[in-house]
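# can't give you the sequence, but here's the structure:
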């Protein structure tokens, strides 16, 4: 059990998990995220495309092995902190007076001819050392002893970041919201091939606009939207790189499309009707039939519209094709339906990327705490200095020693500075 516990808190495991997270990040950058299965099969071939789907590399940052790696790294960090804490506590509690003054770390010895009382006063008042009663003439300066625990602030920040990342991966979502001008919608199409779901409020596209460069290329996509949340209404403008946030859900301008509206002239039961047929909106006919626009495609001289006529009474649908400029007759159960495309108008469809990451506040909090922790770790290092006086005849032999957690190369320079002050000013 101890070996397993040591493995969970080992640096080797941490490095391995860092490596795996790095690999996932590379895949998440190189491989387009959130596309349909067919996209990967066409782009990467059948074998590699299937491998990408199986390993969830089409949504790498929500994949099972990304979440699993984050969870293992969280366990590794907690275990490492638990293992390390007794050592830090021992260093914090260590009494600096329990030392042989003849064998101080980084020992420097000098001799001066000065008055002993004057030297003691200088060491106490000017250098800020404390006199230790256990050993005569031993002075100690113990700096930033609390900083032995500063590293745990960094560890704690990483734990918060990892918890936030795991929550975001498990509870968050990314998808698309397709909006046609004038039609509210709350249906989210997930990036991964899962069932669509619905927001608890609607979004209405009031107007979609495109700003162009002088050469005619698109400069800016702009969606003028309204949030419809029961009795609450809020207007907003969404641009590329200028998202909008509502109820912790962020809306980004992703793309757009132009959707034709077919103005149909319909003759049915000696009645002449006019109906507007557009994508996603069924049109009722005589309270029995529904016309549904399934698809459309260019045709020499016009457009072909693929329409399903759904018979609600029988629960069946019939597929038909309308060619612009050509009337089409269709035999229904209770009569002949004649339809013709009278006119085609164009409306815009704005595609918004929708993202919710409930763990993001924790991630931000973790980074703030990390900055504080790193500042404390690197600017408040635990250090201990010793000065030991040995009166001998008319001179005084002084032993100076010091120890630091990191500044091992510069600690002797600081001791030499103290020695020079003693020789010069005491």
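Structure received. A quick note: this is a predicted structure, and the numbers were derived from the prediction, not measured. Numbers count the residues shown, from 1 in each chain.
# low-confidence ranges, this structure, go.
Where the chain drops to pLDDT under 70, the residues are 192-194, 426.
# list the buried ones in the lengthiest helix in it?
Ranked by residue count under DSSP state H, the longest helix found in the chain is helix 64-93. Burial within helix 64-93, assessed by neighbour count using 16 or more other Cβ atoms under 10 Å, is assigned to 66-67, 69-74, 76-81, 88. (C-beta placed from N, C-alpha, C; glycine too.)
# now stretch 220-229
Result for stretch 220-229 [16+ other Cβ under 10 Å]: buried residues 221, 222, 223, 224, 225, 227.
# residues touching the spatially closest residue to the first one that is not a sequence neighbour, list them.
What it means is residue 221. Using Cβ to Cβ, 6 or more residues apart in numbering and skipping the chain neighbours, the partner closest in space to residue 221 is residue 253 (5.1 Å). When contacts are counted by Cβ atoms under 8 Å, 6 or more residues apart in numbering, residue 253 touches 221, 222, 223, 238, 239, 240, 242, 243, 350, 352, 353.
# now, the residues you listed that are in strands?
Judged by DSSP state E, the subset of the contacts of residue 253 located in strands is 221, 222, 223, 238, 239, 350, 352, 353.
# turn those into CSV, including distance to residue 285.
Output for these, formatted as CSV (distance: Cβ to Cβ, whole Å):
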residue, distance to residue 285
221, 36
222, 37
223, 33
238, 36
239, 40
350, 29
352, 32
353, 36
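# among those residues, which two are most distant?
Farthest pair in the ones in strands among the contacts of residue 253 (Cβ to Cβ) is 222 and 353. Separation: 15.3 Å.
# helices along the protein, start to end?
Using DSSP H, helices in the chain cover 2-8, 11-30, 37-44, 46-54, 64-93, 116-121, 150-171, 360-379, 411-425.
# show me what the longest one packs onto, helices and strands only.
In terms of contacts (3 or more Cβ pairs under 8 Å, 6 or more residues apart in numbering; DSSP states H and E), helix 64-93 is packed against helix 2-8, helix 11-30, helix 150-171.
# would you point to the one among those helices that's packed deepest?
Greatest average neighbour count among the helices and strands packed on helix 64-93 goes to helix 150-171 (a mean of 19), per mean count of other Cβ atoms under 10 Å.
# list the buried ones in stretch 355-371?
355, 356, 357, 359, 360, 362, 363, 366, 369, 370.
# cool, stretch 293-300 as well?
293, 296.
# got the contact list for it?
260, 262, 277-281, 303-308, 319, 323-324.
# before we move on, the earlier item: in a markdown table: the helices and strands packed on helix 64-93, plus distance to residue 234.
As requested, these are arranged in a markdown table below (distance: least, Cβ to Cβ, whole Å):
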| stretch | distance to residue 234 |
| --- | --- |
| helix 2-8 | 48 |
| helix 11-30 | 33 |
| helix 150-171 | 25 |
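# looking at the sheet around residue 227, what are its partners?
Beta bridges link residue 227 to residue 203, residue 234 when assigned by DSSP bridges.
# is residue 213 in contact with residue 219, as I believe?
Yes. Here residue 213 lies in contact with residue 219, judged by Cβ atoms under 8 Å, at a distance of 5.0 Å.
# show me which of the contacts of residue 253 are buried.
Those of the contacts of residue 253 that meet the buried threshold are 221, 222, 223, 238, 243, 350, 352, 353, by 16+ other Cβ under 10 Å.
# contacts for stretch 132-152, please.
81, 84-85, 88-89, 91-92, 96-97, 101, 120, 123-124, 127-131, 373, 376-377, 380-391, 405.
# list the buried residues of it.
By neighbour count with 16+ other Cβ under 10 Å, stretch 132-152 contains the buried residues 132, 135, 137-142, 144-145, 147-148, 150-152.
# burial check on the residue lying closest to residue 403 once chain neighbours are set aside, number of neighbours?
Spatial nearest neighbour of residue 403, excluding adjacent residues (Cβ to Cβ, 6+ apart): residue 105 at 4.5 Å. Counted with other Cβ atoms under 10 Å, residues neighbouring residue 105 total 13.
# use 17 as the first number for this chain going forward.
Shifting the count to begin at 17 puts that one at residue 121.
# any idea how far residue 121 is from residue 166?
22 Å (Cβ to Cβ, to the nearest Å).
# what do you get for residue 207?
Distance of residue 207 to residue 166, given as Cβ to Cβ: 41 Å.
# swap in residue 160?
For residue 160 relative to residue 166 (Cβ to Cβ), the value is 9 Å.
# residue 276 now?
64 Å.
# do residue 186 as well
31 Å.
# swap in residue 400?
Residue 400 is 16 Å from residue 166, by Cβ to Cβ.
# what does residue 41 give?
For residue 41 relative to residue 166 (Cβ to Cβ), the value is 28 Å.
# next one: residue 368
In terms of Cβ to Cβ, residue 368 sits 44 Å off from residue 166.
# kindly report the same for residue 405.
33 Å.
# repeat that for residue 311.
Distance, residue 311 to residue 166, using Cβ to Cβ: 63 Å.
# what sits against the nearest residue to residue 423 once chain neighbours are set aside?
Spatial nearest neighbour of residue 423, chain neighbours left out: residue 397 (6.2 Å); criterion: Cβ to Cβ, 6+ apart. Neighbour list for residue 397: 159, 160, 163, 420, 421, 422, 423 [criterion: Cβ under 8 Å, 6+ apart].
# change it to 7 Å
For residue 397, the contacting residues are 160, 163, 420, 421, 422, 423, by Cβ atoms under 7 Å, 6 or more residues apart in numbering.
# and if you look at residue 264?
372, 374.
# one step back: what's the closest of the buried ones among the contacts of residue 269 to residue 214?
Distances from residue 214 to the buried ones among the contacts of residue 269, taken as Cβ to Cβ, are shortest for residue 368 (14.8 Å).
# what is the closest one paired to in the beta sheet?
Bridge pairing for residue 368 - DSSP bridges - gives residue 193, residue 269.
# then residue 225?
According to DSSP bridges, beta-bridge pairing links residue 225 with residue 238.
# give me the distance between the residue nearest to residue 237 and residue 253.
The gap separating residue 269 from residue 253 is 10 Å, by Cβ to Cβ.
# was I right to think residue 378 contacts residue 180?
Yes. Counting by Cβ atoms under 7 Å, residue 180 is a contact partner of residue 378 at 3.0 Å.
# hang on, the earlier thing: name the nearest of the ones in strands among the contacts of residue 269 relative to residue 19.
Taking Cβ to Cβ as the measure, residue 19 sits nearest to residue 369 out of the ones in strands among the contacts of residue 269, at 47.2 Å.
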